[in-house]
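>>> After the sequence you'll find the predicted model.
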Amino acid sequence: MTKKFLPAPSVAAIAALLALSLTGAAHADSSNKVKFRQTVSIKVGQAMVFHGLRGDCGKLPNQAQMKKSLSRYNAELKTGRLQYGKPGVRRSGQCNGNTPVMETLFVATTPGREKVKIYGDTVTFIVK
């Protein structure tokens, strides 16, 4: 004897709702406002969100953009490295308002001071 827990149409409806909910996972969290910090002053071992990498206006960056960006900037940095955090939004002049971004964190590894251009903006990292 077999029992039917859900009729076939209900299973299909649940699968469709699940598929729709999973597609939203790649969208930016508009409550996570990523602030640009011109100066980051932290100790070795600490990390801080200081910027956000955007894709095309209105879209998060894709994996290829993120990988290329990390590779480029991490090769230049002397006092630390970059890594990505959570999706969020930031104000973009080029996009005329808020646009989705991935948080960009600076992770301090070596004491020192450096000034670099990241995503077109000048940032000073001070590591104690």
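That came through, no problem. Quantities reported herein were computed from a predicted structural model and do not represent experimental measurements.
>>> so where does the nearest residue to Y119 once chain neighbours are set aside fall, helix or strand?
Spatial nearest neighbour of Y119, excluding adjacent residues (C-beta to C-beta, 6 or more residues apart in numbering): H51 at 6.0 Å. All C-beta spots, glycine's among them, are computed from the backbone N, C-alpha and C. H51 belongs to strand 47-54 when elements are defined using DSSP states H and E.
>>> Likewise for L70?
helix 63-76.
>>> Tell me the first helix or strand C-terminal of that helix.
Going down the chain from helix 63-76, the next helix or strand is strand 80-92, by DSSP H and E.
>>> For that following strand, list the C-alpha coordinates in PDB.
C-alpha atoms of strand 80-92 as PDB (Å, rounded to 0.1, in the frame of the first residue of the first chain):
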ATOM      1  CA  GLY A  80      47.700  42.900   2.600                       C
ATOM      2  CA  ARG A  81      45.300  41.300   0.200                       C
ATOM      3  CA  LEU A  82      41.800  41.700  -1.000                       C
ATOM      4  CA  GLN A  83      38.900  39.300  -0.700                       C
ATOM      5  CA  TYR A  84      35.200  39.400  -1.300                       C
ATOM      6  CA  GLY A  85      32.500  39.400   1.200                       C
ATOM      7  CA  LYS A  86      28.700  39.500   0.900                       C
ATOM      8  CA  PRO A  87      26.600  41.000  -1.900                       C
ATOM      9  CA  GLY A  88      25.400  44.600  -1.200                       C
ATOM     10  CA  VAL A  89      24.800  47.900  -2.900                       C
ATOM     11  CA  ARG A  90      26.800  51.100  -3.200                       C
ATOM     12  CA  ARG A  91      26.300  54.500  -4.800                       C
ATOM     13  CA  SER A  92      27.900  54.600  -8.200                       C
END
